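Novice: Give me the fold of what follows.
(chains A and B)
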Amino acid sequence: MGYYDVDDILADSAEFSCKFQYDMPGLGYLAGNPGRAIDKNARLDLPLWLARILAIVGGSEDEDDAEEAVPFVELLPAEIFSPKVINAIKADPTSIDLHSISSHFLALSLKWIALFGDEELASICSSLTLARALEINAHASSVNFVSTAELASPFLLTLDESEKKLYRTSHESYKEHKRWMVER
Amino acid sequence: MSLPDQLESTFSPEEIQFIVENEPIRIFPRVTTRKTKRPLPMGGGSNESVRWKLITTDDHNVNNMVAMQSTEVTLWLALLLKQQNKCSIVAPSWLTLKELDRSIQYEKTHVDRFCPVPWNWLVLAQVLFKRAPEHFHDPVHELRAKVQDLREIRQLKVLRGLRHLNESHLQLDNLSLLEINELRPFIVDVMDKLRQLHTAKGTMEDEEEE
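Specialist: This is a model prediction of the structure:
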């Protein structure tokens, strides 16, 4: 997290499908036909950083005293949090291929939860994070000085970016300490 | 800072050793540094030239060593004196076969807690095994094996305990500095993720309450 965090920027540019709730004159370039308007109820994939703002900020044609302004777009249920994925996570967090679903799955789920206050998704993601972290720890703590070519286990290929970072830092630490223990 | 990541997030084992080397340890000096027959009063302004002046540690003991009379100095100094054959190091009481066996037994009987060994046990044992192996009463290779056993049992327990990580707190009674340090990057990262999930969930509720 942070201004200079590349992963955060990449996660923010992941696209989610949205539905426009207004006719948007002149915004056609978003859909690939510049100069035209976007019709009401048109569906479009927008990057999260844009979709988030449009889904929060609303406008109304007859301005003034619109008590509850309808936001510009409505975020549709995301594919990466579809029941299929959620059920797969519930079934076995360690065998799901997060990297192929989205390389920033955890970062996205965090943003998604913050956006919708989705408690169920939050608790699922907590147990997902923890279960996979334990598995990552098991891999990270196996330090082998002899062979440099590590046998990449299939599990390590399914990690998303934040998990890769976790693996890297914890493996580094285990290696340092093992080295210190051995050289004494 | 332009430090490598792993040095920013945690200590290196060498740094831990440096910290531990500042701890006092009991030695038997083989030389006498005390000038007068009677001990000087603590901090008394003696006119004699002081032979040792240490900035990083209390130098009272160093200037008052009497051969074969045990005293306490910091570990790094003890190792230095030992290197010059000016003292022998007294192994700490927990670092004997009997005590280590007792610790291992404790670890085996109490599944959910760690036995109370000093916070620097692992580093101290490693340093002493390497630098002063001849000053132990018990054979060093046996001690080494016992220490390794103890470490492995504790590591296993830690792994079992990691299952209960949560976003708010973690209790690490009786774990030593090196053991915690080894795990720190992992635990901090995981707990941070759980915390973020927890707060993300909370933001919505807060807004609704307002």
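Novice: ok, A:Thr158 - contacts?
Specialist: A:Ile96, A:Asp97, A:Leu98, A:His99, A:Ser100 (Cβ atoms under 8 Å, 6 or more residues apart in numbering or on different chains). The way it works is simple: take the backbone N, C-alpha and C, and place the C-beta from them, glycine included.
Novice: burial measure for A:Ser123, as a count.
Specialist: Residues within reach of A:Ser123, counting by other Cβ atoms under 10 Å in any protein chain shown, total 14.
Novice: Distance of it relative to chain B?
Specialist: According to Cβ to the nearest Cβ, to the nearest Å, A:Ser123 stands 8 Å off from chain B.
Novice: Tell me the secondary structure at that residue.
Specialist: Per DSSP: H, G, I helix; E, B strand; the rest coil, the secondary structure class of A:Ser123 is helix.
Novice: Give me the nearest residue to the residue positioned nearest the centre of chain B, chain neighbours excluded.
Specialist: Nearest residue to the geometric centre of chain B (Cα atoms, centre = their mean): B:Asn120, 1.6 Å. Leaving out its chain neighbours, the residue that sits closest to B:Asn120 by Cβ to Cβ, 6 or more residues apart in numbering or on different chains is B:Val20, at 4.4 Å.
Novice: Show the model's pLDDT score for that neighbour.
Specialist: Per-residue pLDDT puts B:Val20 at 92.
Novice: wait, isn't it in contact with B:Ala125?
Specialist: No. Applying Cβ atoms under 8 Å as the test, B:Val20 and B:Ala125 come out as separate, 10.5 Å apart.
Novice: out of those two, which sits in the more crowded spot?
Specialist: Neighbour count, other Cβ under 10 Å: between B:Val20 and B:Ala125, B:Ala125 has more, with 25 against 22.
Novice: tell me which element the more buried one is part of?
Specialist: In the assignment (DSSP states H and E), B:Ala125 maps to helix B:121-131.
Novice: pLDDT (mean, whole number) over that helix?
Specialist: pLDDT averaged over helix B:121-131 gives 91.
Novice: try stretch B:136-152
Specialist: 90.
Novice: so the nearest residue to B:Leu100 once chain neighbours are set aside, which of the three states?
Specialist: With sequence-adjacent residues excluded and distances taken as Cβ to Cβ, 6+ apart, B:Leu100 is closest to B:Lys146, at 4.0 Å. The assignment at B:Lys146 comes out as helix when based on three-state DSSP.
Novice: Report the separation between B:Lys146 and chain A.
Specialist: From B:Lys146 over to chain A (counting by Cβ to the nearest Cβ), the distance is 15 Å.
Novice: which ones are touching that residue?
Specialist: B:Leu97, B:Leu100, B:Asp101, B:Ile104.
Novice: how about JSON lines for these, with neighbour count added?
Specialist: As requested, those are exported to JSON lines (neighbours: other Cβ atoms under 10 Å in any protein chain shown):
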{"residue": "B:Leu97", "neighbour count": "15"}
{"residue": "B:Leu100", "neighbour count": "22"}
{"residue": "B:Asp101", "neighbour count": "13"}
{"residue": "B:Ile104", "neighbour count": "18"}
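Novice: What is the most widely separated pair among the residues you listed?
Specialist: Spanning the widest gap among those are B:Leu97 and B:Ile104, at 10.4 Å by Cβ to Cβ.
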